[in-house]
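# sequence plus predicted model, see below.
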Amino acid sequence: MIADTKRARVSGVSALAARAERLEKAKKIAPWLWSAVRLLLLIGISYVILYPLLVKMSQVFMSRADLDDITVRWVPRHFTLENVRLVGALMHYWPALLRSVGWCGGLSLLQLATCTLAGCGFARFKFRGRNLAFVLVVGTLVVPPQTYSLTLYTVFQKFDVFGMVSIFNNGEGASLLQTAWPMLLLSATGMGIRSGLFIYLLRQTFRGLPKELEEAAYVDGAGAWRTFFSVLMPNALSTMLVAFILSFVWQWNDTFYSNLFSPGFTTMIQVMRGVRTTITQYLGGWQTLSDIYASSLVNTATLLAVLPVILLYIICQRFFVQGVERSGLVG
């Protein structure tokens, strides 16, 4: 009887030990399984996002013989840069690239300067109506620009500042349409593309800075501007870089404001949109809408149009990620 009881206790202890060992193994395997699942999800999502870009990249370096060969799918059998040279000539690529980079870069820098000052003002200065003004700034994010496009068009069609322009223009405002002034004025006054988002991000960054830094600068005799340029702005450079990159990309892809105010002012994206007609004229008309060669030329033009933005992100991606982490977009 006693021997049976001892054997039962020993078997029970052995079962508990075996169960504990299995649980320990499961705990060690679980992180690996979860990492594998996350890796598969990331690979699947990345493939869905990158698939159009991969297709375009594979067709850019294919010759016409490869495009007509059904056995060639991803890797070109006859590597060539003829498509790039042809589309670059049809698009006048380098002049359009320089013009677009200069235009979008200038607007982005002007917008960044305005939004940085506005964000710092909302974060570090107290004034009457500050919360209401910031609510209106955030409200610009939810109001589509199409709702006030007619008002903006009318304002710049007969632009006037407190009646001073009409005094020297026979009682009428000056028309700023078909010029660069509408976009410049919008960026300089905090009404550029997604300016509300940039003001919000920079306000959050400046609010997170210790007030002791600012107070120490005031004790050392620095004024508001010296404190801003020497103390506050250096600590917000990562967020400013995020704002600049996003502004540049949105300016680069913009067709709404440019078509509304300056249809004749062509940028890279507008050139790419018109390249289909140019390729059609060059080829003497497409036989069918599914012409593989013509489609590959359009894909080449698209890739050349977005290539500067891709390179910008690749170069700045480490600082971009750091800025996103510190700006309040995550967490």
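Yep, that arrived. None of these values were measured; they are calculated from a predicted model.
# give me the buried positions along the helix or strand containing residue 244.
Assessed by DSSP states H and E, residue 244 sits inside helix 237-253. For helix 237-253, burial by neighbour count (16 or more other C-beta atoms under 10 Å) applies to 238-253. To be clear about C-beta, it is placed using only N, CA and C from the backbone, and glycine gets the same treatment.
# repeat that for stretch 167-178.
For stretch 167-178, a neighbour-count test (16+ other C-beta under 10 Å) marks 173, 174, 176, 177 as buried.
# same check on stretch 54-72?
Neighbour-count burial for stretch 54-72 flags 56, 58, 59, 60, 61, 62, 63, 66, 67, 72 (criterion: 16+ other C-beta under 10 Å).
# low-confidence ranges, the stretch 51-200 of the chain, go.
165, 169, 171 (pLDDT under 70).
# which residue ranges of it form strands?
With DSSP state E, counting those that start in this stretch, there are no strands along the stretch 51-200 of the chain.
# surely residue 62 touches residue 84?
No. With contacts counted by C-beta atoms under 8 Å, residue 62 stays clear of residue 84, the gap being 11.3 Å.
# just the buried residues of helix 237-253 now: which is nearest residue 314?
Among those, residue 245 lies closest to residue 314 (C-beta to C-beta), at 11.4 Å.
# any idea how far the closest one is from residue 133?
26 Å (C-beta to C-beta, to the nearest Å).
# same check, this time on residue 75
57 Å.
# ok, those two, which is more surrounded?
Neighbour totals were compared for residue 75 and residue 133, and residue 133 leads with 13 against 10 (other C-beta atoms under 10 Å).
# who's in contact with the nearest residue to the more buried one once chain neighbours are set aside?
In this structure, residue 133 finds its nearest non-sequential neighbour in residue 122, 7.5 Å apart by C-beta to C-beta, 6 or more residues apart in numbering. Residues near residue 122 by C-beta atoms under 8 Å, 6 or more residues apart in numbering: 130, 133, 134, 137, 199, 203, 206.
# tally of neighbours for the fourth one?
Translated: residue 137. 21.
# pick out the residue closest to the middle of this structure.
Residue closest to the mean C-alpha point of the chain, counted by C-alpha atoms, centre = their mean, is residue 246 at 3.7 Å.
# residue 122 and residue 223, how far apart?
19 Å.
# so how far is residue 46 from the residue nearest to the centre of the chain?
Distance, residue 246 to residue 46, by C-beta to C-beta: 21 Å.
# do residue 227 as well
From residue 227 across to residue 46, the span is 44 Å (C-beta to C-beta).
# who has more neighbours out of those two?
Legend: neighbour count by other C-beta under 10 Å for residue 227 and residue 46, higher for residue 227 (20 against 10).
# quick check: pLDDT value at the more buried one.
At residue 227, the pLDDT value in this model is 87.
# that one: which element?
For residue 227, the element it lies in under DSSP H and E is helix 224-227.
# just how off-centre is that helix within its chain?
Centroid displacement of helix 224-227 relative to its chain, using C-alpha atoms, centre = their mean, to the nearest Å, is 30 Å.
# going by contacts, tell me the helices and strands next to that helix.
helix 211-219 (3 or more C-beta pairs under 8 Å, 6 or more residues apart in numbering; DSSP states H and E).
# and the helix it packs on, what's buried?
Quick answer for helix 211-219 (16+ other C-beta under 10 Å): 214, 217.
# identify the residues contacting that helix?
Under the contact criterion C-beta under 8 Å, 6+ apart, helix 211-219 has outside partners 124, 226, 227, 230, 231, 232, 235.
# go on, stretch 263-277?
87, 90-92, 96-97, 99-100, 103-104, 178, 180, 252-255, 258-259, 297-298, 301-302, 304-305, 308.
# buried subset of the residues you listed?
Buried members of the contacts of stretch 263-277, counted by 16+ other C-beta under 10 Å: 87, 90-91, 96-97, 99-100, 103-104, 252-254, 258, 297-298, 301-302, 304-305, 308.
# now residue 103: closest residue in space, sequence neighbours ignored.
Spatially, and ignoring its direct neighbours in sequence, residue 103 is nearest to residue 267 (6.3 Å; C-beta to C-beta, 6+ apart).
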